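K.L.:
One predicted model, sequence on top.
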Amino acid sequence: MLKLQNVSTYYDKIQAIKNVDIAVEEGTVVTILGANGAGKTTTMNTIAGLLKPKEGSIHYLGEDVTGLRPDQLLRKGLALVPEGRGILSSMTVMDNLEMGAYHRNDSEVGADLEKVMKRFPILKERKSQLGGTLSGGQQQMLAIARVIMSRPKLLLLDEPSMGLAPLIVADIFKIIKEISEAGTTVLLVEQNARQALKVADYGYVLETGRVVASGNAKELLQDDTIQKAYLGH
Amino acid sequence: MLSELINPYYLQIASFILLNIILGVSIYITLATGQLSLGHAGFMSIGAYTSAILTLNHNVPLVLGILIAAIFTGLIGVLIGFPALRLQGVYLAIATLGFGEVIRVLFVNWEGLTNGAIGISRIPHLGREILSFSQSIGIEPAAFGLRNNQFISLSVFLLLLIISIVVIWFFIRQNNSRIGRAYASIKMDEQASEAMGINITYYKILAFGQGALLAGFAGALYAHMTAYISPSDFDYHRAVEILIFAVFGGSEVIWGPIFGAVFLSTLPEVLRAVSEYRFMIYGALIVFMMAFRPQGLIDMNVMNWFKRSKSKKKEGKHGTGSKENQ
Amino acid sequence: MVLEVKKISKNFGGIQALTDVSFSIEQGEVIGLIGPNGAGKTTMFNMITAMFPPSSGEIIFMGKSLSGLKPHEITKLGICRTFQNIRLFSDLTVRENVMVGNHCRLTTGVWQSVFRTKHQKQEEKKVLEKADEILEIVGLLEHSQTIAKNLSYGQQRRLEIARALASDPKLLLLDEPAAGMNEKETNDLFDLITKIKSLGITVLLIEHDMPLVMRICSRLVVLNFGEKIAEGTPDSIQTNKEVIEAYLGVEEEEEELA
Amino acid sequence: NDTKDTGGQANESNSDGPVKATVGVISYLTGSGASYGEAITNGLKLANEELKAAGEVDIELKIEDSAGKQEEALTAAQKLMNSDNVDAIIGPTLSTEMFVVGPEAELNGVTILGTSNTAEGVPQLGDYVFRNSIPETMAIPAAVEKAIEKYDVKKVAILYGNDDVFTKAGYDVMKQVAEDKNLEVVTTQTFQLNQSDYKPLLTKIKSLEPDLILASALYNEGAVILDQARKMGIDVPFVGGNGFNSPEVITIAGDASNGLIVATPWFAQKDDEKVKSFVEKYKEAYGVEPDQFAAQAYDGLYLIAEAIKNAGTNDRDAIRDALAEVKDFEGVLGMMSFDEEGDIVMDPTVLIIEGNKYIEFE
Amino acid sequence: MLIEQLINGLTLGSIYVVVALGYTLVFGVLNIVNMGHGEIFMFGAFMGVVVTNSLGLPLYVAFIIAIVVTAILGYFLERFALRPLRGKEGVSHLAPLISTIGVSIFLENAAHHLFGAGNKPFRTSFSDMSFTVGTTTIYYVQILIFVIAILLMAGLMFWLSKTKAGKALRASAEDLSVASLLGVNTKRMITQTVILASAMGGIAGILVGLAFNSVNPQMGLSFGLKGLAIIILGGLGNVRGAMVGGLILGLAETFVVAYGDSGYRDAIAFIAIIVILIVRPQGIFGTATSGSRG
Ligand SMILES: Nc1ncnc2c1ncn2[C@@H]1O[C@H](COP(=O)(O)OP(=O)(O)OP(=O)(O)O)[C@@H](O)[C@H]1O
Ligand SMILES: Nc1ncnc2c1ncn2[C@@H]1O[C@H](COP(=O)(O)OP(=O)(O)OP(=O)(O)O)[C@@H](O)[C@H]1O
Ligand SMILES: [Mg+2]
Ligand SMILES: [Mg+2]
């Protein structure tokens, strides 16, 4: 479904990712692991069109999408929840949710809205509060609810569990599972490697901008070097 | 011999450039705490009028007049600094622009004091005062082989040169100290600075006051350099011009506004040949410049580069700014 | 007693972020402030450091009421914090960031700075030494000349702690220092907090990383919907029904501690 | 024809060709007042062409822009005096600029002739400072006097631009005149440069029913004021100052300009050979009728040329002395002389706009 | 006289509103004060002069041409003065302010060359049409100006708060990359906004020409400064605020002249904003955005 070939991205002259090859099969959950600064966010932003790769190509649904803008990609069903959540802080919760469906013109937007409100009751309660005044966890809920509103085919999540209470973290992973089961392909970046590998089918490990390991999620979970580096054993 | 070389025209330009450098630094100081002021033309006019009125109507000696004017403007700056604390970014810029306009309108209307739009003329002229002073102690320009007008231009130039150097030295020193660090941190994150124990009220007002003082000082010098002032000398265009010095040259380091002042004050002279189009060129240049170097010509990197190439000569020390990732 | 929080409430235009929360901290403790997202933990930090005034209640630090003080005065008294979203002075070097942290312990004014008096030179020397000392502690000494924004995320978190330490705090407030860190980095953080504790500094810690919290804190205060729902040792909190229900969750807790 | 005569006298001194001289010009060429500077330089260029053709003096003009700013005027003056070594200077356009440049020219011993400065105190700046523009103290009383005679004026309203030296100086004169003539001033209103909306103050003036409106305005604002006033039904005559006098008033305000009375050294429709030929040539060269700025500049250069001719040399001091000596010089403005201070001595003409034309006001 | 002054004030105020709306729109979306807006407005006014006086075409053509020309200028302004600054590292928030000041200097001086420095007459038969109620003469132009101001405001308000495009605009204002992730073509959005704001400037320019028969290259600055004051008065980026601020300023200036000292007319706007900012820093209608949290 998604295929990165030999992708390199730079910030001015600093190369943040180097010749990255990543493939995501339809219907799977794939996770990218790596230490801080390894280039995970850069990879995600490159896929979503926020950054332009200097080399390499990105194919999505069999089509070359290298260099397309985020809004063009979203129309093709590729959505990203960015690191730091990307809540529109001066707009209300409701406005944020509606913006999730910005590119949609179908009649089911209203029904979807009802659905996510039901899934995240706190949002319904706070629907006219400004996004910026929500607590961290509430914002994360909103970000996920909002992306659901866009009905993505491929969903990119950048550290969705960051700064969340244990209960919510569990909840988030449950939601990721649900989303995946509902037929959406998920590409997930996580610090919380253990849990990420648990929900994932396949994993990649990034180190200073390069893919240093990849494999079946279950295998990675057992891998010694991986355990040492990312699972704290 | 000497008199061949000393051309009052060039000295005149150079003196105005030095004056603009002081103005550029004055806005840099306020910007150093992240406060954007478009009111410096207003401060300048307060300084100019104060010194002009004191020296002309109250026979205050020139030097004293200029100093009182600077300090008085600084105090006004402190007063303005308090409400300014509540404003940020564009709000502050426009409110200070408004302050400048209000001052100008006030000076236009306050005829008893300022003579209104007619302005104040026959203000003691810096150079001519120096001339008559040196003559009174028996030194004639002819002794150096200079004509009177050369002597006047030269003495004004030298005086401004010394003042500018002192001003720059002062603020460079201040920058490399506890005060400078406090300014820098406030510019980057006010709340965090406050949480780190920095009295942001004090420092923001200090910076605002210092900027105003310096602008008032420059204004007083201006009054005594042209010997004539009127409210329209300190209008919107002046305020914008001063700001552009800082932003064009770069507002991160003190050399930015200095460079900006030098470059932009020389430009119109260079463009005299195409004088009809020079302001169009000036405008286009600003747009062009912002597109290619929005941080201004001189920024941290340029300074670091300078420093590095200097220290490289001394020893092969490691540079800063490189990425050090795990 | 280092800090005494007395019936603090905070209302943000209708949203009740804190309701009559009281707790106290003893000298030398590492105390954890935990609770679900939106429970009011960060708000509590903001109350203690006077970022916002409380709607009601009082906070006493070393026997002195903090009411009406400005944030910088509180820092001077000996309370310093880190931020949930990192807020470094991003264009300054690592060392300069730490030096800014020490600002409130210095006295040189404008004139002394400009004329480089003896006093100023001594102070400057001292602050440099102190900065390097602290950078050594947090393990950033080799990066002292790096511009803060070029540090990696984990390093930035540690720099924030270093900056706060530079103000010679008696009480250090840490807001989710482990957020965004992997388990290895979290372990390093554990060591760092232990070190800080051994310096005699009292620590109040907000954290969602339960293994870390349970290992390092001697006592926990749990907030939920702005109210204190429990307080006690890690063991007693872990078995507290209300806390499990509101915050820890059942299965997860077992797994996390496995 | 007079010129020819005087020219004849000087001829003996330059038997070996015309006297060569460089004359610096400081003019307002860029910025909001550029229209004045343009008229001035046009007038100068035209005069210089004629002078060149006449062959008695060979003047090179060095024109510098001041953008209406004192510093730039000063720098320009320094450049002219010290780099280009000019023998005399014409300009600068604004009185404010002259206040700064005048003393500097005095110091350098360079004759400077203002052709458009009307503020008080300009010639008094120094021995080397002259002007051939009539000050408002001369023009306004002449116009007001005639208006009172004709219209039996008792009540006047005064209107002036308070943020401009030129109009403010004009106002001071108007106030004085009103006092001297025992007129009742029903209201005094101010406006600012480049203002667009004068309706509030005109509404107020209208309600007070003055017999005459004294308006110290530059034509730019003045024309718009006239237009808005007439639209509002204010049909009393206006008396303007020097700056109000321009053919542009008619272009901008059209029919509304009728009833404007100004005293001016310059009357383009004057039945005079010199004037007719000047107007014709000017129109041919620049496509518009010359205004007083052009005319004053035109005469200004002739005055300088006369001085150079009489001096017979381009020595700076000699030029000054010769200029001070000029008596009853016949220019397009009329007969001109200088008083001891270097101020112009001449009789202004009072004009009124009627039928969209300036005519002499009797 | 009171009624007449009231009408004067409302006319002036309405023009201020239309000028201010252009600023507000750009600020609301880009968080940039477009200092070149005043000069674009001035070009609009000159288009009116050129079309009706020089070419002798009817008024409605003038409106069309002015809108087209100012829209094109807006496009160029966005393209050359704003777009290059966007998304660049290390761009201070002053940079767009300065580059649009550059544009304003350029345009003002270009106008000097193209149209001459002085006032240009703008006479149309429409601007002479009036009717009389009692002793008060009211010009149709005055009514037209008022109506256009109201329509533009209402249209903008509806567009911003009720339509999807308006929401997208606000989202773009807050965070460009987030907006683009949500499917907004931000580049086009921004260009459209600047063009729209500029076209509104063009309309305002013609209205001023009609109302005052006064068009000159400096009018951009004098109206521009008032426009700036108004958007601060009303709260930056707030459409209703611009409306109320503009009308209040128009009335205040008129009444200062009518019942106070006309010398202080130009100071009113700024005295008002200084007072407002001290009492209510977010402007009359601005909402206090709770500062960033710990
Ligand atoms: N805007 C930027 N400019 C310059 N360098 C950057 C920028 N953003 C990231 N980098 C650098 O690129 C590298 C990769 O960063 P990235 O944010 O992709 O890492 P990450 O794996 O997402 O880390 P984290 O876990 O901290 O989110 C790092 O070295 C970082 O310092
Ligand atoms: N400035 C503010 N304006 C309005 N509401 C606020 C503000 N700050 C906090 N709140 C509200 O107060 C509540 C508590 O927020 P707080 O940030 O203290 O939560 P927290 O416990 O730190 O959560 P997290 O673990 O997610 O950071 C939340 O509901 C939040 O929406
Ligand atoms: Mg990341
Ligand atoms: Mg928090």
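P.N.:
Looks like it arrived, so ask away. Ligands and ions are numbered 1, 2, ... in the order given.

K.L.:
C-alpha from now on. contacts and neighbour counts both.
P.N.:
Noted.

K.L.:
in the stretch 101-250 of chain C, what residue is nearest chain E?
P.N.:
residue C:175 (8.9 Å; C-alpha to the nearest C-alpha).

K.L.:
how close does that residue get to residue C:217?
P.N.:
Plainly put, residue C:175 is 14 Å away from residue C:217 if you go by C-alpha to C-alpha, to the nearest Å.

K.L.:
need the contact list for the residue of chain C found nearest chain D.
P.N.:
Here chain C gets closest to chain D at one residue, residue C:114, 33.0 Å apart by C-alpha to the nearest C-alpha. Residue C:114 makes contacts with B:170-171, B:173-174, B:177, as judged by C-alpha atoms under 8 Å, 6 or more residues apart in numbering or on different chains.

K.L.:
Of these, which is the nearest to residue A:189?
P.N.:
Nearest to residue A:189 among the contacts of residue C:114 is residue B:177, at 42.9 Å by C-alpha to C-alpha.

K.L.:
How many residues are close by the closest one?
P.N.:
Number of residues near residue B:177 (other C-alpha atoms under 10 Å in any protein chain shown) recorded here: 22.

K.L.:
my read: it touches residue C:112, true?
P.N.:
No. In this structure, residue B:177 is not within contact of residue C:112 by C-alpha atoms under 8 Å, at 9.5 Å.

K.L.:
before we move on, the earlier item: only C-alpha atoms, please: export the helix or strand containing the residue of chain C closest to chain D in PDB.
P.N.:
Secondary structure assignment for residue C:114, by DSSP states H and E: helix C:110-115. Extracted in PDB, the C-alpha atoms of helix C:110-115 (Å, rounded to 0.1, in the frame of the first residue of the first chain):
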ATOM      1  CA  VAL C 110      24.000  47.400  34.500                       C
ATOM      2  CA  TRP C 111      27.000  49.500  35.500                       C
ATOM      3  CA  GLN C 112      28.900  46.800  37.100                       C
ATOM      4  CA  SER C 113      28.300  44.600  34.000                       C
ATOM      5  CA  VAL C 114      29.500  47.200  31.600                       C
ATOM      6  CA  PHE C 115      32.500  48.400  33.600                       C
END
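
K.L.:
Pull out the buried residues from the next helix or strand after it.
P.N.:
Where DSSP H and E defines the elements, the next helix or strand beyond helix C:110-115 is helix C:118-138. Residues of helix C:118-138 classed as buried under the neighbour-count rule (16 or more other C-alpha atoms under 10 Å in any protein chain shown) are C:120, C:123-124, C:127-128, C:130-135, C:138.

K.L.:
and what of stretch C:14-32?
P.N.:
Those would be C:16-19, C:21-22, C:25, C:28-32, for stretch C:14-32 by 16+ other C-alpha under 10 Å.

K.L.:
go on, stretch E:52-69?
P.N.:
Applying 16+ other C-alpha under 10 Å to stretch E:52-69 flags E:52-53, E:59, E:62-69 as buried.

K.L.:
Run through those and flag the ones next to chain C.
P.N.:
Among the buried residues of stretch E:52-69, proximity to chain C is found for none (C-alpha under 8 Å from any C-alpha of the partner chain).

K.L.:
any idea how far residue E:186 is from the residue of the stretch 51-200 of chain E found nearest ligand 2?
P.N.:
Distance from ligand 2 to each residue of the stretch 51-200 of chain E (C-alpha to the nearest ligand atom) is smallest for residue E:174, at 17.5 Å. According to C-alpha to C-alpha, residue E:174 stands 11 Å off from residue E:186.

K.L.:
quick one: which of these two has more around it?
P.N.:
Neighbours per residue, other C-alpha under 10 Å: of residue E:174 and residue E:186, the larger number sits with residue E:186, 24 against 20.

K.L.:
Number of residues surrounding the spatially closest residue to the more buried one that is not a sequence neighbour?
P.N.:
Of all residues not flanking residue E:186 in the chain, residue E:180 sits nearest, at 6.0 Å (C-alpha to C-alpha, 6 or more residues apart in numbering or on different chains). Other residues lying near residue E:180 total 24 when counted by other C-alpha under 10 Å.

K.L.:
Per-residue pLDDT of residue E:180, please?
P.N.:
Note on residue E:180: pLDDT of 92.

K.L.:
That one and chain D: what is the separation?
P.N.:
Separation of residue E:180 from chain D (C-alpha to the nearest C-alpha, to the nearest Å): 43 Å.

K.L.:
Sticking with that residue, tell me its helix or strand.
P.N.:
With DSSP H and E as criterion, residue E:180 is part of helix E:176-181.

K.L.:
same thing with residue A:23?
P.N.:
With DSSP H and E as the test, residue A:23 turns up in strand A:14-24.

K.L.:
Quick one: residues in contact with that strand.
P.N.:
For strand A:14-24, with C-alpha under 8 Å, 6+ apart as the criterion, the contacting residues are A:1-10, A:30, A:38-39, A:42-43, A:55-56, A:187, A:204, A:208-211.

K.L.:
Which ones among those lie within strands?
P.N.:
A:2-10, A:30, A:55-56, A:187, A:204, A:210-211 (DSSP state E).

K.L.:
Among the residues you listed, which one has the most neighbours?
P.N.:
Busiest of the ones in strands among the contacts of strand A:14-24 [other C-alpha under 10 Å] is residue A:30, holding 27 neighbours.

K.L.:
So that one sits against residue A:188, correct?
P.N.:
Yes. Between residue A:30 and residue A:188 a contact is recorded at 6.1 Å, counting by C-alpha under 8 Å.

K.L.:
quick revisit: any buried residues in the helix holding residue C:114, and which?
P.N.:
Result for helix C:110-115 [16+ other C-alpha under 10 Å]: buried residues C:110, C:112-114.

K.L.:
and which of these is nearest to ligand 1?
P.N.:
Using C-alpha to the nearest ligand atom, these come closest to ligand 1 at residue C:113, 34.4 Å.

K.L.:
ok, that closest one to residue D:185 distance?
P.N.:
62 Å.

K.L.:
Mind telling me what element the closest residue to chain A within the stretch 101-250 of chain B is part of?
P.N.:
Across the stretch 101-250 of chain B, the shortest distance to chain A (C-alpha to the nearest C-alpha) belongs to residue B:191, at 16.9 Å. Residue B:191 is located in helix B:190-195, with elements delineated by DSSP H and E.

K.L.:
where does residue A:213 fall, helix, sheet strand or coil?
P.N.:
strand (DSSP: H, G, I helix; E, B strand; the rest coil).

K.L.:
Near it, how many other residues are there?
P.N.:
Residues near residue A:213, counting by other C-alpha under 10 Å: 14.

K.L.:
Kindly report the same for residue A:28.
P.N.:
Residues near residue A:28, counting by other C-alpha under 10 Å: 20.

K.L.:
likewise residue B:46?
P.N.:
There are 31 residues near residue B:46, going by other C-alpha under 10 Å.

K.L.:
I'd like the distance between the residue nearest the centre of chain D and residue D:301.
P.N.:
Nearest to the geometric centre of chain D sits residue D:116, at 3.9 Å (C-alpha atoms, centre = their mean). Using C-alpha to C-alpha, residue D:116 is found at 13 Å from residue D:301.

K.L.:
Work out the gap between the helix holding residue C:114 and the centre of the chain.
P.N.:
33 Å (C-alpha atoms, centre = their mean, to the nearest Å).

K.L.:
Now it: average pLDDT?
P.N.:
90.

K.L.:
try stretch D:108-125
P.N.:
Stretch D:108-125 comes out at a mean pLDDT of 90.

K.L.:
Can you give me the buried ones in that stretch?
P.N.:
D:108-120, D:122-125.

K.L.:
quick one: which of these sit in strands?
P.N.:
D:111-114.

K.L.:
May I ask which helix or strand encompasses residue 167?
P.N.:
I went with chain A, as the question did not name one. Per DSSP H and E: helix A:166-181 holds residue A:167.

K.L.:
I was thinking of chain B, sorry if that wasn't clear
P.N.:
With DSSP H and E as criterion, residue B:167 is part of helix B:148-175.
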